[in-house]
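Participant: quick one: sequence plus predicted model below, questions after.
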Amino acid sequence: MGLLVFFTISACRHDPQTGIDPNGNYPDDVAKIIVTKCGISGCHSAITQNAGVRMDLWEQLWKGGYNGAYIIPYHAELSSLMYFINTDSSRGPVVLPTMPYNDPDGDLTDQEYNLIKDWINMGAPSATGQIPFSENPDTRQKIYLTMQACDLIGVIDAESKVTMRYINVGNKTQTEAPHCVKFDAEGRYAYVSFISSDIVQKIDVAQDKVVGSCTVGSGSWNVFSLSPDGKRLIISDWVANGKMVFINTETMTVENAIGSGGSFVFPHGITYTGNFDTFYVTAQYGNTVYKFTEDFSYYKKISIDGNPPVTSPLVQDPHEIILSPDESKYFLTCEASDEVRVMDAHTDQLIKAIPVGDFPQEFALSKTRPYLFVSCMQDATGPAGFVGSIYVINYETLDVVQVIKGKFYQPHGLTVNDEKDELYISNRNTGSSGIPPHHSSICGGQNGFYYVYSMATFQSVGNKYEVFPEPYSAATRFVK
């Protein structure tokens, strides 16, 4: 499971650092390893910071490095630091070159390795017992990111932009592929669906812990929408003879299931108008959007191109749907025709078809700027060797105001942080031609990554943040 690391390492020198707490605010036994073997001149000190990582002070460790977080509190098995100090593949990934690098005392002993492992699993506390990112759990702004190949949700701290926690989700031994994640308006709970399981799970966001589960039956459970008060959700079963299921999120029980018998063919994206009473759902294949009420007293197939509604592939194939803030129009990513189609929400007539990059997928909408962001997952117009782009559409004028062509590889999930004027872009990075990861994964596959972009400048802020394979859907806690 070894993997070479593609960054330059200068020779580490064991010169003492001056003017620094000799224990770096680490517990004494941990400091004897990290401060004396890692946070030293030429390695991960204040001056050299190899790989962008500073380890001479406990507080500095949580800023991460050029590839994001190296330690995940409470999860040694998900902390890449453990892969670098490991010399035994039977206990996990081994990443070369082994750290400490060029240490005259050689590799860490088993006792030292286990001490670091136990420290991380206890939360990686400081010398005074402080746990990283533990302050203000009820108000801390964070981003959730689903890892489809690993049954994990990455928890990103909005202030530092690094991954601060991982949440194990699902309830089976096989991969269940967490797909969509969303927060309620108060930021108390989040919910996650699975394309390879029969459940929807509820997460206490202050604790980053699964606290409830609802069995929805067999199917491919894709996208869902939460009611404004967070007490109900509607979720799509993405199969040929699909259905829509309503869940009471307080009791985590199914309240209603509608549409079985051919009313919905591969239903996918969902939005609603009013007080959670009229719903729009895309038929993944064809030129059709379904509009209906929960009691089915109203049900309509809307054609998005003026032709009779069909649900066969390779027409427009509407994937995702989102309403404008004033609910006057709705937008559709059309992955077959490489367009964003804009529909009048009152007449359900086409307003405009906006050409975008190859294979448009997900939306994110800012409410502080008139921007609608679109991930074009297969667009090959950017830098050589990279794949994907982000189109920025002014949702008031319906003009493309920017095309972001960064060092992406299959950008998919998007989320806006209006509080910080930032856009998060997750990159699936699957396939043999993807971007080589910085380190191994414990769950197979090739690590994905995310970027954070300024909505003011459309430029990247921070680093390329590596996460586990198949980062797919993203959501922000506390949005305007």
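Facilitator: That came through fine.
Participant: need the contact list for residue 38.
Facilitator: Residues near residue 38 by CB atoms under 8 Å, 6 or more residues apart in numbering: 44, 55, 99, 100. Where you see a C-beta, it was placed from the backbone N, CA and C, and this is true even at glycine.
Participant: roughly how far apart are the closest residue to the first one other than its chain neighbours and residue 165?
Facilitator: Same thing as residue 44. Once flanking residues are discounted, residue 44 sits nearest to residue 55: 3.9 Å by CB to CB, 6 or more residues apart in numbering. Going from residue 55 to residue 165 by CB to CB, to the nearest Å gives 20 Å.
Participant: can you check residue 362 too?
Facilitator: In terms of CB to CB, residue 362 sits 23 Å off from residue 165.
Participant: element containing residue 33, please.
Facilitator: Assessed by DSSP states H and E, residue 33 sits inside helix 28-37.
Participant: which residues does the following helix or strand past that helix contact?
Facilitator: Tracing the chain C-terminally past helix 28-37 and defining elements by DSSP H and E, one meets helix 58-61 next. Here helix 58-61 makes contact (CB under 8 Å, 6+ apart) with 24-26, 46, 53-55, 70-71, 124, 126-127, 132.
Participant: quick one, helices of the stretch 351-480 of the chain?
Facilitator: Counting by DSSP state H, counting those that start in this stretch, no segments of the stretch 351-480 of the chain form helices.
Participant: now the strands for it?
Facilitator: Counting by DSSP state E, counting those that start in this stretch, the segments of the stretch 351-480 of the chain that form strands are 360-365, 371-376, 389-394, 399-404, 411-417, 422-427, 447-454, 465-469, 471-476.
Participant: I'd like those strands as JSON lines, with mean neighbour count and distance to residue 93 appended.
Facilitator: Output for the strands of the stretch 351-480 of the chain, formatted as JSON lines (neighbours: other CB atoms under 10 Å; distance: least, CB to CB, whole Å):
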{"stretch": "strand 360-365", "mean neighbour count": "24", "distance to residue 93": "30"}
{"stretch": "strand 371-376", "mean neighbour count": "26", "distance to residue 93": "29"}
{"stretch": "strand 389-394", "mean neighbour count": "22", "distance to residue 93": "32"}
{"stretch": "strand 399-404", "mean neighbour count": "16", "distance to residue 93": "33"}
{"stretch": "strand 411-417", "mean neighbour count": "26", "distance to residue 93": "25"}
{"stretch": "strand 422-427", "mean neighbour count": "26", "distance to residue 93": "21"}
{"stretch": "strand 447-454", "mean neighbour count": "24", "distance to residue 93": "11"}
{"stretch": "strand 465-469", "mean neighbour count": "25", "distance to residue 93": "12"}
{"stretch": "strand 471-476", "mean neighbour count": "26", "distance to residue 93": "19"}
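Participant: sorry, back to before: any idea how far the residue nearest to residue 44 lies from residue 303?
Facilitator: 59 Å.
Participant: cool, residue 277 as well?
Facilitator: To residue 303, residue 277 is 23 Å away according to CB to CB.
Participant: neighbour count: those two, which is higher?
Facilitator: Per other CB atoms under 10 Å, whichever of residue 277 and residue 303 has more neighbours is residue 303, with 18 against 12.
Participant: and the more buried one, what does it touch?
Facilitator: Residue 303 neighbours (CB under 8 Å, 6+ apart): 287, 288, 309.
Participant: could you pull up phi and psi at the first one?
Facilitator: Right, residue 287. phi -140, psi 30 (degrees, to the nearest 10).
Participant: who's in contact with it?
Facilitator: Residue 287 makes contact with 303, 304, 305, 307, 309, 310, 315, 316, 318, according to CB under 8 Å, 6+ apart.
Participant: repeat that with 10 Å
Facilitator: 301-312, 315-318, 334, 336-337, 341 (CB atoms under 10 Å, 6 or more residues apart in numbering).
Participant: picking up where we left off before, out of the contacts of residue 38, which is nearest to residue 407?
Facilitator: Nearest to residue 407 among these is residue 44, at 24.7 Å by CB to CB.
Participant: what about that closest one, distance to residue 101?
Facilitator: 10 Å.
Participant: where exactly do the helices run in the stretch 101-250 of the chain?
Facilitator: So, for the stretch 101-250 of the chain - with DSSP H, counting those that start in this stretch - the helices run 110-121.
Participant: got any ranges where it has weak pLDDT?
Facilitator: Scanning the stretch 101-250 of the chain for pLDDT under 70 picks out 102, 104.
Participant: now do 90
Facilitator: Along the stretch 101-250 of the chain, segments meeting pLDDT under 90 span 101-107, 172-173.
Participant: buried subset of the contacts of residue 287 as a ChimeraX selection?
Facilitator: Entered in ChimeraX, the line below selects the buried ones among the contacts of residue 287, by 16 or more other CB atoms under 10 Å:
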select :301,302,303,304,305,309,310,311,315,316,317,318,334,336,337,341
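Participant: just give me the neighbour total for residue 430.
Facilitator: 16.
Participant: kindly apply the preceding question to residue 259 instead.
Facilitator: Residues near residue 259, counting by other CB under 10 Å, number 21.
Participant: I'd guessed it sits against residue 235; true?
Facilitator: No. Between residue 259 and residue 235 there is no contact under CB atoms under 10 Å: 11.8 Å.
Participant: quick check: neighbours shared by these two?
Facilitator: Common neighbours of residue 259 and residue 235 (CB under 10 Å, 6+ apart) are 243, 244, 245, 267.
Participant: considering the contacts of residue 303, which is situated nearest to residue 272?
Facilitator: Checking the contacts of residue 303 one by one against residue 272 (CB to CB), the nearest turns out to be residue 288, at 17.5 Å.
Participant: how many other residues sit next to residue 162?
Facilitator: That count, for residue 162 with other CB under 10 Å as the rule, works out to 21.
Participant: typo on my end, residue 86
Facilitator: For residue 86, the neighbour count with other CB under 10 Å is 22.
Participant: for it, which non-adjacent residue is closest in space?
Facilitator: residue 94 (5.1 Å).
Participant: element containing the one you found?
Facilitator: Counting by DSSP H and E, residue 94 is part of no helix or strand.
Participant: correct me if wrong: it contacts residue 440.
Facilitator: Yes. Using CB under 10 Å, residue 94 makes contact with residue 440 at a distance of 7.8 Å.
Participant: send me stretch 260-280 as PDB with only the CA atoms.
Facilitator: C-alpha atoms of stretch 260-280 as PDB (Å, rounded to 0.1, in the frame of the first residue of the first chain):
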ATOM      1  CA  SER A 260     -45.000   3.900  -7.800                       C
ATOM      2  CA  GLY A 261     -46.400   2.600 -11.000                       C
ATOM      3  CA  GLY A 262     -44.600   4.700 -13.500                       C
ATOM      4  CA  SER A 263     -45.400   8.300 -12.400                       C
ATOM      5  CA  PHE A 264     -41.600   8.900 -12.000                       C
ATOM      6  CA  VAL A 265     -38.900   7.600 -14.300                       C
ATOM      7  CA  PHE A 266     -35.400   7.900 -12.800                       C
ATOM      8  CA  PRO A 267     -36.400  10.900 -10.600                       C
ATOM      9  CA  HIS A 268     -33.400  12.900  -9.400                       C
ATOM     10  CA  GLY A 269     -33.100  16.600  -8.600                       C
ATOM     11  CA  ILE A 270     -35.700  18.200  -6.400                       C
ATOM     12  CA  THR A 271     -36.900  21.600  -5.500                       C
ATOM     13  CA  TYR A 272     -40.200  23.100  -4.200                       C
ATOM     14  CA  THR A 273     -42.200  26.300  -4.100                       C
ATOM     15  CA  GLY A 274     -44.400  27.800  -1.400                       C
ATOM     16  CA  ASN A 275     -44.500  26.200   2.000                       C
ATOM     17  CA  PHE A 276     -43.200  22.700   0.900                       C
ATOM     18  CA  ASP A 277     -46.400  22.000  -1.000                       C
ATOM     19  CA  THR A 278     -45.600  22.100  -4.700                       C
ATOM     20  CA  PHE A 279     -42.600  20.000  -5.900                       C
ATOM     21  CA  TYR A 280     -40.400  19.900  -9.100                       C
END
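Participant: having no further points to raise, I will conclude here.
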